[in-house]
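A.B. asks: Next come a sequence and a model predicted from it.
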Amino acid sequence: MNGRERLPDRRGCDTRYMWVGRNEYAVTVGHYANGAVGEIFVSGAKTGSDMDAVLRDAAILLSLGLQHGVPVDTMRGAITREENGLPSSIIGAVLDHLK
């Protein structure tokens, strides 16, 4: 890794809605000019709740990993999965969606 590649101040993004279990989440993905994913935002838990804080922090960690050149496949391989191979959390589902 060669350090952090920050995204430009103005960048393209798209928001997707995902269901994990019975919960719906809004996932916003920010892109570099070349289309590569550089940041992730996840919301869906009650604002101010412990889960909201965990989602926010996990998305920041994913974003920092991406900005430092950590491959999505590396992060995907490190997450907890259910016996059937599906991710056990929204963070894992986001990583699977970024394939």
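C.D. replies: Done, it's in. Bear in mind that the values here come from a model prediction, so they are computed numbers and not experimental data. Numbering: from 1, shown residues only.
A.B. asks: Which residue ranges of this structure form helices?
C.D. replies: All helices of the chain, identified by DSSP state H, fall at 50-67, 72-78, 90-97.
A.B. asks: So for residue 62, what's the nearest residue that isn't a sequence neighbour?
C.D. replies: residue 40 (4.8 Å; CB to CB, 6 or more residues apart in numbering). Quick note: C-beta positions are derived from backbone N, CA and C, even for glycine.
A.B. asks: Distance check, that neighbour against residue 96.
C.D. replies: Going from residue 40 to residue 96 by CB to CB, to the nearest Å gives 13 Å.
A.B. asks: ok, these two, which is more surrounded?
C.D. replies: For residue 40 versus residue 96, the count of surrounding residues by other CB atoms under 10 Å is larger for residue 40: 22 against 16.
A.B. asks: Run through the bridge partners of the more buried one.
C.D. replies: Beta bridges link residue 40 to residue 29 when assigned by DSSP bridges.
A.B. asks: which residues does it contact?
C.D. replies: 27-30, 59, 62-63, 66, 94 (CB atoms under 8 Å, 6 or more residues apart in numbering).
A.B. asks: at 10 Å instead, please
C.D. replies: Taking CB atoms under 10 Å, 6 or more residues apart in numbering, we find residue 40 in contact with 13, 27-30, 58-63, 65-66, 91, 94-95, 98.
A.B. asks: What's the PyMOL line that selects buried ones from these?
C.D. replies: The PyMOL selection below is limited to those of these classed as buried (16 or more other CB atoms under 10 Å):
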select buried, resi 27+29+30+58+59+62+63+65+66+91+94+95+98
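A.B. asks: middle-most residue in this protein, spatially?
C.D. replies: In the chain, the residue lying closest to the centroid (CA atoms, centre = their mean) is residue 40, at 4.3 Å.
A.B. asks: where in the chain is pLDDT low?
C.D. replies: 1 (pLDDT under 70).
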